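# give me the fold of what follows.
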Amino acid sequence: MKTTPSPDLILFDGLKNILRILTFHFALFLWFWKSPSMFLPPIQITISILLCYIHQKEVSEWTHEASHYNFFPGRFWNDFLTNTLVSVFSGFSIAGYRRRHLMHHRFSDYFRTDDPDT
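You can find the predicted model right below:
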């Protein structure tokens, strides 16, 4: 099953996606840089776990969107920017994720035992 880029995705949307990802990355970096001097360890650890969870959830969502070519207009730029800005935190390329994920869309009813995304 092939996925084609969404015709509704325009350059402005792609730039917003990049800005959002960079903002999440920067916020996480800033937290780990500044928080040790601002909070007691139990508070810092609790908030750190929460922020890492939110960051990983965003990475997962953007990887999924990019597998359908909905991160940035143009296949090359979609994949290049995803591998550069997003996949570095998940440890796998968008092409590898896309191959596995599109097997999931081959099924007419999802979440079966032989569905690779369950």
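# list the contacts for the residue lying farthest from the centre of the chain?
The outermost residue of the chain, judged against the average C-alpha position, is Leu40 (30.5 Å), by CA atoms, centre = their mean. Taking CB atoms under 8 Å, 6 or more residues apart in numbering as the definition of contact, Leu40 has no neighbours. Backbone N, C-alpha and C define where each C-beta goes, glycine included.
# which strand or helix spans the nearest residue to Cys52 once chain neighbours are set aside?
Leaving aside its sequence neighbours, Cys52 sits nearest to Leu28 (CB to CB, 6 or more residues apart in numbering; 7.3 Å). Using DSSP states H and E, the element containing Leu28 is helix 11-34.
# name the helices or strands packed onto that helix?
helix 41-67, helix 75-81 (3 or more CB pairs under 8 Å, 6 or more residues apart in numbering; DSSP states H and E).
# between the first one and helix 11-34, how big is the angle?
Interaxial angle, helix 41-67 versus helix 11-34 (axes from the mean of the first three to the mean of the last three CA atoms, to 10 degrees): 160 degrees.
# Phe89: neighbour count?
17 (other CB atoms under 10 Å).
# buried ones in the lowest-mean-pLDDT helix or strand in the chain, by neighbour count?
The helix or strand of the chain with the lowest confidence, counting by mean pLDDT, DSSP states H and E, is helix 94-104 at a mean of 86. Within helix 94-104, the residues that count as buried by 16 or more other CB atoms under 10 Å are Ile94, Tyr97, Arg98, His101, Leu102, His104.
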